[in-house]
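>>> Fold the following for me, if possible:
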Amino acid sequence: ALGRTFSRAPKLLAPLLDDVISLLTRLLVQRAHRALAQAAAESLLVLVRSAGASFSQQTWASICAELKSCFVAGVADLYVMPPAADGDATSPLIREVSAKVTAEAPTNIAPHELQALLLSTVHQLLQSMYPSMKLSDVEGLLACMHGMYDKAHRRIVSALGGEEPRLSPGEILEASHVKVEAVSYYLQSLFHLYGPLTKPPPPERPPPKLGTEGHVLLVAARAEFRLISFCLHVLRDYLSLQKLSLDA
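As a prediction, the model looks like this:
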């Protein structure tokens, strides 16, 4: 409903939009209720699909920044919102809802499921809306997906190599789940973005206008580079894990 309303009156609701986006991304990664996290992800995607064509570049930058902050902070850190400091610009609405969710928090969802939901949301956003997004924002979200894979892989290697001996088998299994999900969504996103590359892209300077064929081709070329390098990266990681298994 908000998406439809925004598409009809974007100027009227523009001041509220950033707060709504910020709230949805925080609810997306809270671990209190699986259903609430799923609803937040679906609401964010509906809002983007319904009204994305009316979004300003500032709004798109805000959406991408909020999603990237979820990857950077980590799911566990976003579970409980920190107390608002003096001068904190966090909306009272966000603080109130986050506090309510935290207070009612039965821990009934595994961290790897939350991270899979976050990856899925970013994947779907890139699938449907990347022609409207700046190249730097597309690259930033792709880098976050790659980073989640790397973080999970490093944790597994550290545990198998004896650097993190306190990790339980369950924690290693969770890291493995995250790694598989990150590979899956990252490769799906790259193949989708790479698909339109049927001819050479235009020069990056001056940048082509958003939504044009030139912009889509430029995104596709970047995706091709990432796809090739990531496949080599995964093969090297596989060989390192195989060596650790043989040495154990």
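>>> List every C-alpha atom in stretch 169-180, with coordinates, as CSV.
Backbone C-alpha positions of stretch 169-180 (Å, rounded to 0.1, in the frame of the first residue of the first chain) are rendered in CSV as follows:
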residue,chain,number,x,y,z
PRO,A,169,30.6,-28.6,15.2
GLY,A,170,27.3,-26.8,15.1
GLU,A,171,29.0,-23.4,14.6
ILE,A,172,31.2,-24.8,11.8
LEU,A,173,28.0,-26.2,10.2
GLU,A,174,26.3,-22.8,10.4
ALA,A,175,29.3,-21.1,8.7
SER,A,176,29.2,-23.8,6.0
HIS,A,177,25.5,-23.0,5.4
VAL,A,178,26.2,-19.3,5.1
LYS,A,179,29.1,-20.0,2.7
VAL,A,180,26.8,-22.1,0.4
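>>> Rounded mean pLDDT for it, please.
Across stretch 169-180, the average pLDDT comes to 85.
>>> Give the buried residues for that stretch.
By neighbour count with 16 or more other C-beta atoms under 10 Å, stretch 169-180 contains the buried residues 172, 174-175, 177-179. Every C-beta, even on glycine, is put in place using the N, C-alpha and C of the backbone.
>>> Tell me where the model's unsure across the chain.
Applying pLDDT under 70 to the predicted model, the residue ranges of the chain that meet it are 1-15, 31-32, 53, 72-111, 162-167, 248.
>>> Quickly note the distance from Ser62 to Leu117.
Taking C-beta to C-beta, to the nearest Å as the measure, Ser62 and Leu117 are separated by 20 Å.
>>> Looking at these two, which has the bigger crowd around it?
Leu117 (20 against 17; other C-beta atoms under 10 Å).
>>> need the contact list for the more buried one.
Going by C-beta atoms under 8 Å, 6 or more residues apart in numbering, Leu117 touches 28-29, 37-38, 41.
>>> Dump stretch 125-142 to PDB, restricted to CA.
Extracted in PDB, the C-alpha atoms of stretch 125-142 (Å, rounded to 0.1, in the frame of the first residue of the first chain):
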ATOM      1  CA  LEU A 125      16.600  -6.300  -5.500                       C
ATOM      2  CA  LEU A 126      19.500  -6.500  -7.900                       C
ATOM      3  CA  GLN A 127      17.500  -8.800 -10.200                       C
ATOM      4  CA  SER A 128      14.600  -6.400 -10.700                       C
ATOM      5  CA  MET A 129      16.000  -2.900 -10.100                       C
ATOM      6  CA  TYR A 130      19.600  -2.800 -11.100                       C
ATOM      7  CA  PRO A 131      19.100  -0.700 -14.300                       C
ATOM      8  CA  SER A 132      17.800   2.200 -12.000                       C
ATOM      9  CA  MET A 133      20.800   1.900  -9.600                       C
ATOM     10  CA  LYS A 134      24.200   3.700  -9.900                       C
ATOM     11  CA  LEU A 135      27.100   1.400 -10.800                       C
ATOM     12  CA  SER A 136      28.800   2.100  -7.500                       C
ATOM     13  CA  ASP A 137      25.600   0.900  -5.600                       C
ATOM     14  CA  VAL A 138      25.400  -2.300  -7.600                       C
ATOM     15  CA  GLU A 139      29.100  -2.900  -7.000                       C
ATOM     16  CA  GLY A 140      28.700  -2.200  -3.300                       C
ATOM     17  CA  LEU A 141      25.900  -4.800  -2.900                       C
ATOM     18  CA  LEU A 142      27.800  -7.400  -4.900                       C
END
